[in-house]
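Trainee: here's a sequence, model it:
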Amino acid sequence: MADHVVTRHWHWLEDGRLQCDLCPRQCRLSDGQRALCFVRQRRGDHLVLTTYGRSSGFCVDPIEKKPLNHFLPGTPTLSFGTAGCNLTCKFCQNWDISKSREIDTLADSASPEVIAEVAARLGCRSVAFTYNDPVIFMEYAIDVAAACRVRGIRTVAVTAGYISPKPRAEFFRMIDAANVDLKAFNDDFYWSLASSRLAPVLDTLVYLKHQTDTWIEITNLIIPGANDSEREIDQMTGWIAGHLGPEVPVHFTAFHPDYKLRDRPRTPHATLIAARRIARANGLHHVYVGNVADVGRGSSYCATCGERVIGRRGYSLIAWRLTADGACRTCGTAFPGVYEDRPGAWGGRRQVVRLGDVVPRSPAATAPAVAPAIVSVGAS
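Mentor: Next up is the predicted model:
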């Protein structure tokens, strides 16, 4: 398998440079130069993805870790990323992968068919593109998604949503669920801490909600002194309610000092609780707190009768009050999300995987797996 593929989203400039059109950065490259993301490079008359078929490693995670609370709850997902990123977040929690400029970071390799085969053999109901933003390796991700669909396996993108409209349509056409990292609700934050802009992310969220079948959830990492004001959280959650609707799940998660932002304290639990209160006051039905121990605010509740329909302790399910068709057992109200006819039982385990240990032979020798029944409740 080749270690690179020619990409589609670029065009020539009058000065002889080549412009990458994947994301709003629009990197302009001379021969041999790499885009800011590091993994897209001009080679002669083409722009290539240099990390096709290579990964920083594979793990089986609980789907709740992405975090996705309304998408195949309790099931395992085969997670992987590559190297590089098209944002420059000073607070990156996966900086050793996303900020890597060393191809040696890519410790494992596999064709899309092998990844789908491994996911099926390990009982994973989805494959998650995570650890770094899959937007920058979209050609690889799309091919993996196509191989997974043959086997009835869903795909998940954990993304900042920083992508241009044309490639966005091509990418999310193949993605079943996405957790979009809405880093803040002010452009100064995006520019000073991530060298990017807010508007394209909001545009992606509106696109996903209203023009795709992709299930979406939103994560906001609250950083003390940077994006934690009640005014900003009020504006953000009001925008979500007005533009995306009350059923889109929102996760407020706690920051820990990392990478280039080590001078900030950890997020107080009380700040997360206040953010959830504001979001609920703005009409959002499904608001969670994360990176802290909080069973009550990490569980899911029916918006009609208040019944706890999915109980969680960390990443593990401790209660299940949904019917086989995804409705509250108490009042019968449809609970928004994507569900199988029964919850998963993976729990909070994390399993590191070497693909060669799982599939030592050609994947063509194994028949596709049969998927359990899946029900989608409510539009994303």
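Trainee: send the alpha carbons of stretch 305-322 over as PDB?
Mentor: Presented in PDB, the C-alpha positions along stretch 305-322 are these (Å, rounded to 0.1, in the frame of the first residue of the first chain):
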ATOM      1  CA  CYS A 305     -41.000  13.300  32.100                       C
ATOM      2  CA  GLY A 306     -37.500  13.700  33.600                       C
ATOM      3  CA  GLU A 307     -36.800  10.000  33.800                       C
ATOM      4  CA  ARG A 308     -33.100   9.000  33.900                       C
ATOM      5  CA  VAL A 309     -33.100   6.900  30.700                       C
ATOM      6  CA  ILE A 310     -29.300   6.300  30.600                       C
ATOM      7  CA  GLY A 311     -27.300   6.200  33.800                       C
ATOM      8  CA  ARG A 312     -23.500   6.600  33.600                       C
ATOM      9  CA  ARG A 313     -20.600   6.400  35.900                       C
ATOM     10  CA  GLY A 314     -17.600   7.700  34.000                       C
ATOM     11  CA  TYR A 315     -17.700   5.900  30.700                       C
ATOM     12  CA  SER A 316     -19.800   2.900  32.000                       C
ATOM     13  CA  LEU A 317     -23.500   2.500  31.700                       C
ATOM     14  CA  ILE A 318     -25.200   1.800  35.100                       C
ATOM     15  CA  ALA A 319     -28.900   2.200  34.100                       C
ATOM     16  CA  TRP A 320     -30.900   1.800  30.900                       C
ATOM     17  CA  ARG A 321     -34.500   2.900  30.600                       C
ATOM     18  CA  LEU A 322     -35.000   3.000  26.800                       C
END
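Trainee: what residues sit buried inside that stretch?
Mentor: Buried residues in stretch 305-322, defined by neighbour count with 16 or more other C-beta atoms under 10 Å: Glu307, Arg308, Val309, Ile310, Gly311, Arg312, Gly314, Tyr315, Leu317, Arg321, Leu322. C-betas here are computed from N, CA, C, even on glycine.
Trainee: OK, contacts around the third one?
Mentor: Okay, so that is Val309. Ser300, Tyr301, Cys302, Trp320, Arg321, Leu322, Cys328, Arg329, Phe335 (C-beta atoms under 8 Å, 6 or more residues apart in numbering).
Trainee: do the same with the second one
Mentor: Under the criterion of C-beta under 8 Å, 6+ apart, the neighbours of Arg308 are Ser299, Ser300, Tyr301, Ala319, Arg321.
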